[in-house]
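[1] any chance you could fold what I've pasted below:
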Amino acid sequence: MKLIGHAREKEIFSRVIAENRLHHAYILSGREGTGKKLFARETARALLCENGSFMTECSCRHCANILNSEHPDIHIIEETPLKIDTARQINQEAFMSPMSAKKKVYIIDNADSFGLQAANALLKTLEEPPSDTYFFLITSRYSQVLHTIRSRCVNIGFGLLSAEEVTEIVRQHTDKTGEETEQAVRIASGSAGTALNILSDIDKRTLFTGIRSKTELYEEIASLDTKDAIKTYSASLYAHLLEKYKKTGSESLLDFSNYLLDILKRLEYNVSLDMFRLDLYIKTIEVLSEKS
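    Here you go, the predicted structure:
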């Protein structure tokens with residue numbers, strides 16, 4: 001699959017791989033839904049590829065297995081939070097020889113959710129891994145990654161995708177076109193994952209369209225009955241704030257935008273939707289009533 005966008009990051013990894021200077025552990029950080037995990041998998045494919053292809057098509061046996069998610073030397077861990085038993089298993093397996101290729105790769109999602117015990121279990125392996133083993137840790141909240149983990153990895157910050165890049169990705173995954181797609185791309189503000197989530201049932205979703213009376217705003221937020229509904233509403237509110245920030249440069253709008261991004265991440269965990277809705281309503285009134 002063609003990986004769209006992130007020219008700077010592609011250049012960085014293309015160079016270090018070609019010069020055999022790849023670090024043993026990286027953190028890929030940035031907004032949710034911008035392709036960090038896919039980028040890690042494509043980089044892993046380059047490390048295992050018999051032809052050394054990077055971000056280009058290849059039909060060697062390793063690339064074919066990776067594209068089918070069947071390669072025994074690429075391990076993708078997505079559990080949240082990372083369990084200590086999983087961390088210990090990674091430690092044991094990391095020092096075993098690769099099963100098929102000459103190298104092996106661990107891609108671990110949600111690095112900001114590592115508990116202290118799980119993180120401590122990984123530290124020595126991250127610091128002194130075998131020469132044939134590489135780690136890619138994924139996060140949308142780099143500041144929440146434990147310092148002990150950050151200090152053992154090279155952080156690569158991923159920027160937002162352009163509207164054109166998000167549109168191209170959306171067209172690869174959905175047959176929706178026209179005004180719905182344009183609206184989803186605008187709301188997503190650089191996150192293809194958010195755009196696709198919105199498009200999944202955009203006709204059923206409540207979107208923020210502008211400040212209104214406190215009663216109307218309360219009723220609107222109170223109607224958000226699922227995590228996905230809150231995510232979509234928060235994303236549309238984020239897009240609205242971004243436009244206002246560009247015009248005003250208001251720091252309070254920027255702070256509120258960051259709060260919304262945090263909401264989108266925290267909703268991945270078990271949370272009280274009632275508390276989220278109330279908090280969202282209070283903060284929206286506080287910021288937008290004085291900035292509208």
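[2] all helices for the stretch 1-150 of the chain, in order.
    7-18, 36-48, 61-67, 84-94, 116-127, 147-150 (DSSP state H, counting those that start in this stretch).
[3] grab the most central residue of the protein for me.
    Centroid check for the chain by CA atoms, centre = their mean gives residue 32 as the closest residue, at 3.1 Å.
[4] OK, contacts around residue 22?
    13, 16, 47, 134 (CB atoms under 8 Å, 6 or more residues apart in numbering). All C-beta spots, glycine's among them, are computed from the backbone N, C-alpha and C.
[5] how's this protein carved up into domains?
    For the chain, automatic domain parsing gives the domain ranges 7-158, 163-291.
[6] give me the pLDDT for the closest residue to residue 28 other than its chain neighbours.
    Computed as CB to CB, 6 or more residues apart in numbering, the closest residue to residue 28 that is not its neighbour in sequence is residue 36, at 4.2 Å. Looking at residue 36, its pLDDT reads 95.
[7] kindly report the same for residue 122.
    pLDDT, read off for residue 122, is 92.
[8] cool, and the one 3 residues further on?
    According to the per-residue confidence, residue 125 scores 91 in pLDDT.
[9] for the protein, which helix is longest?
    Secondary structure of the chain read by DSSP state H shows that its longest helix is helix 227-248.
[10] skip ahead from that helix and say which helix or strand is next.
    Following helix 227-248 in sequence order, the next helix or strand is helix 251-266 (DSSP states H and E).
[11] tell me which helix or strand comes right after that next one.
    Helix 251-266 is succeeded, C-terminally, by helix 273-291 (DSSP H and E).
[12] report the angle between that next one and helix 227-248.
    20 degrees (axes from the mean of the first three to the mean of the last three CA atoms, to 10 degrees).
[13] buried stuff in the longest helix of the chain?
    Neighbour-count burial for helix 227-248 flags 228-242, 244-245 (criterion: 16 or more other CB atoms under 10 Å).
[14] repeat for stretch 78-88
    Result for stretch 78-88 [16+ other CB under 10 Å]: buried residues 82, 84, 86, 87.
[15] pLDDT and distance to residue 223 added to these, as JSON lines?
    Shown next, in JSON lines, are the buried residues of stretch 78-88 (pLDDT from 0 to 100; distance: CB to CB, whole Å):
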{"residue": "82", "pLDDT": "89", "distance to residue 223": "35"}
{"residue": "84", "pLDDT": "92", "distance to residue 223": "40"}
{"residue": "86", "pLDDT": "93", "distance to residue 223": "38"}
{"residue": "87", "pLDDT": "92", "distance to residue 223": "41"}
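[16] could you single out the nearest of these to residue 169?
    residue 82 (27.8 Å; CB to CB).
[17] weakest of the domains of the chain by average pLDDT?
    Looking at the domains of the chain, the weakest mean confidence is domain 163-291, a mean of 77.
[18] what about that domain, distance to the chain center?
    Mean-position distance between domain 163-291 and its chain equals 16 Å (CA atoms, centre = their mean, to the nearest Å).
[19] rewinding a little: can you count the residues close to the residue nearest to residue 28?
    Close neighbours of residue 36, defined as other CB atoms under 10 Å, add up to 26.
[20] wait, isn't it in contact with residue 142?
    No. The pair residue 36 / residue 142 is not scored as a contact, 11.0 Å apart, by CB atoms under 8 Å.
[21] overlap in contacts of these two?
    Common neighbours of residue 36 and residue 142 are listed as residue 29 (criterion: CB under 8 Å, 6+ apart).
[22] helices or strands up against the longest helix of the chain?
    helix 179-188, helix 192-199, helix 251-266, helix 273-291 (3 or more CB pairs under 8 Å, 6 or more residues apart in numbering; DSSP states H and E).
[23] what are the contacting residues of it?
    By CB under 8 Å, 6+ apart, helix 227-248 touches 186-189, 191, 194, 197-198, 200, 202, 205-210, 220-221, 223-224, 250, 253-254, 256-257, 260-261, 263-264, 267, 273, 276-277, 280, 284, 291.
[24] give me the angle between that helix and helix 179-188.
    Inter-element angle recorded for helix 227-248 and helix 179-188: 70 degrees (by the same axes, to 10 degrees).
[25] report the angle between the axes of helix 227-248 and helix 251-266?
    160 degrees.
[26] now for residue 58: which residues touch it?
    By CB under 8 Å, 6+ apart, the neighbours of residue 58 are 45, 49, 50, 51.
[27] surely the third one and residue 64 touch.
    No. Because the distance of 10.5 Å does not satisfy CB under 8 Å, residue 50 is recorded as not touching residue 64.
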